[in-house]
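Enquirer: Would you be able to build a 3D model of this:
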Amino acid sequence: MTDKIRADLLVINANQMCTLRGPKRPRVREELRHLGTVPKAAVAMERGKIVAVGSTEELKNKVDRRFVEILDASGMTILPGFVDPHTHALFYGSREDEFAMKVQGATYMEILRDGGGIQRTMVATRNATKQQLTSTLRQRLSNMLRYGTTTVEVKSGYGLNTKDELKMLEVIKEVDRKHPMTVVPTFLGAHIVPPEFRGRADDYVALMIDDMLPKIEERKLAKYCDVFCEKEVFDTVQSKRLLAKAKEHGLAPKMHIDEIEDIGGVGIAVDVGATSVDHLIVTSASNMTCLAEKGILGVLLPGTPYVMMNDKHPNARALIEHGVPVALGTDMSPNCWTESMQMVSSLACTQLRMTPEEVITASTINAAYAIGLGDKVGSIEVGKQGDLVLMDGPNYMHLPYRFGTNLVKLVIKAGKILVDRRPEYEER
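Expert: Numbering: from 1, shown residues only. Okay, here's the model as predicted:
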């Protein structure tokens, strides 16, 4: 038995598995449709890492099964754990009444100008204790885990002063340490200009540069720095100044751009070497070419125009045809409160006209690259972390097809079963 592969968990008999094996970089154009499917599939894990991938017959012969837990996935489809590369999941309070206002025609910017939106959540988040914020974030991440998300990016951005931005980032760091999900922290102090700096956006940018960034670097609180580069928020000069300084403090740049108007955000993203640009609802063809040439990931958030009752959506077909590597995220926030990447997958098909194959790639391996983890998660390959979702249904096309329900049967994170929704377990 010495030539056998050692494993502590062996999943067998899956009707289909999407490995997402392929080039060690974000996928583009036709590559988005290559899922590396395996029929009658199996995967073995040892100490949280994947050690073998293939057919059930093959792995039954390869794996030493004397001390391994065997999980029968008959009738199920295995996907890599979903990666959500864009969330505002840490906030306090809610804004359900503003949703009703939007139903009646109010726009996002109108609500913001009247003191609602981000400003309203800022007040609630500033007033919340660390304990309240920690409990809230843990619950939301646990909900996301039940829908199959195993890795998530979480932004600050509702503190909007040094004390409360640091408070948010400290909570994110603590939750990452204790929660089983992988949590990637992003500093989004440049979410809006807080009311105490109204009319003095340059002074607020200076506060972020001179006070917030050095403390974030000293305490190792964030991996990325994001900015909402948009009309009436932060202009291109302010955005470039902040992101260039953030890089000096070890934070890689990200940007919210082209959600409402194109004010030149793509040019800044190219100049600062952004990892990703997110939203891209009004991005021009020429700017798509720029993003493709630089390999900057475009993170599409179809839930946002959906809840804002906006007829404009990211032109995913054009982005893909131009060669932009696209990813998908929830934009989970008080404005777009969804914890389900499954729902986002369906919206990406119905609203953005992405194919099921493109959606799966954008929700796994490309999303992983959008937060710097493409070498660790996002695909089912030997050496990667054992993050898997076992879904009800004989093939991957059930994912966008059966919308509004939770297809997850099991979630495995780093080789451990964290969610088990099989009837024999749920009905005990």
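
Enquirer: Would you map out the domains in the protein?
Expert: 9-80+379-426, 83-370 (automatic domain parsing).

Enquirer: How are the strands of the stretch 301-428 of the chain distributed by residue range?
Expert: For the stretch 301-428 of the chain, the strands defined by DSSP state E, counting those that start in this stretch occupy 326-328, 388-392, 408-413, 416-420.

Enquirer: Against which helices or strands is the second one packed?
Expert: Spelled out, it's strand 388-392. strand 9-18, strand 76-80, helix 398-401, strand 408-413 (3 or more C-beta pairs under 8 Å, 6 or more residues apart in numbering; DSSP states H and E). The way it works is simple: take the backbone N, C-alpha and C, and place the C-beta from them, glycine included.

Enquirer: one more time with 7 Å, if that's ok
Expert: Packed against strand 388-392 by the contact rule (3 or more C-beta pairs under 7 Å, 6 or more residues apart in numbering; DSSP states H and E) you find strand 76-80, strand 408-413.

Enquirer: Repeat that for the first one.
Expert: For strand 326-328, the helices and strands in contact under the criterion 3+ C-beta pairs under 7 Å, 6+ apart are strand 297-300, helix 316-322, helix 356-363, helix 365-370.

Enquirer: Quick one: closest of those to T37.
Expert: Closest approach to T37 among those (C-beta to C-beta): helix 356-363, 9.4 Å.

Enquirer: circling back to that earlier point, pick the most buried one from the domains of the chain.
Expert: Comparing the domains of the chain by mean neighbour count (mean count of other C-beta atoms under 10 Å), domain 83-370 ranks first with a mean of 21.

Enquirer: For the stretch 1-150 of the chain, just list every one of the strands.
Expert: Counting by DSSP E, counting those that start in this stretch, the strands of the stretch 1-150 of the chain are 9-18, 37-46, 49-55, 69-72, 76-80, 82-84, 149-155.

Enquirer: in its sheet, what does the shortest one sit against?
Expert: According to DSSP bridges, strand 82-84 forms sheet pairs with strand 149-155 (parallel).

Enquirer: Tell me which residues are up against stretch 241-259.
Expert: 186-187, 190, 205, 208-209, 213-214, 216-217, 222-230, 239, 265-266, 268-269, 272-283 (C-beta atoms under 7 Å, 6 or more residues apart in numbering).

Enquirer: Now that stretch: average pLDDT?
Expert: Averaged over stretch 241-259, pLDDT sits at 98.

Enquirer: got the CA positions of that stretch in PDB?
Expert: Only the C-alpha atoms of stretch 241-259 are listed here, as PDB (Å, rounded to 0.1, in the frame of the first residue of the first chain):
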ATOM      1  CA  ARG A 241      -3.400  60.400  -5.500                       C
ATOM      2  CA  LEU A 242      -5.000  58.100  -2.900                       C
ATOM      3  CA  LEU A 243      -4.200  54.900  -4.800                       C
ATOM      4  CA  ALA A 244      -0.600  55.800  -5.600                       C
ATOM      5  CA  LYS A 245       0.000  56.500  -1.900                       C
ATOM      6  CA  ALA A 246      -1.800  53.300  -0.900                       C
ATOM      7  CA  LYS A 247       0.700  51.300  -3.000                       C
ATOM      8  CA  GLU A 248       3.500  52.900  -1.100                       C
ATOM      9  CA  HIS A 249       1.900  51.500   2.100                       C
ATOM     10  CA  GLY A 250       1.600  48.000   0.500                       C
ATOM     11  CA  LEU A 251      -2.000  48.100  -0.500                       C
ATOM     12  CA  ALA A 252      -2.900  47.000  -4.100                       C
ATOM     13  CA  PRO A 253      -5.300  49.300  -5.900                       C
ATOM     14  CA  LYS A 254      -9.000  48.500  -6.700                       C
ATOM     15  CA  MET A 255     -11.600  50.800  -8.100                       C
ATOM     16  CA  HIS A 256     -15.400  51.300  -8.300                       C
ATOM     17  CA  ILE A 257     -15.700  52.800 -11.800                       C
ATOM     18  CA  ASP A 258     -18.200  53.400 -14.600                       C
ATOM     19  CA  GLU A 259     -21.300  52.600 -12.400                       C
END
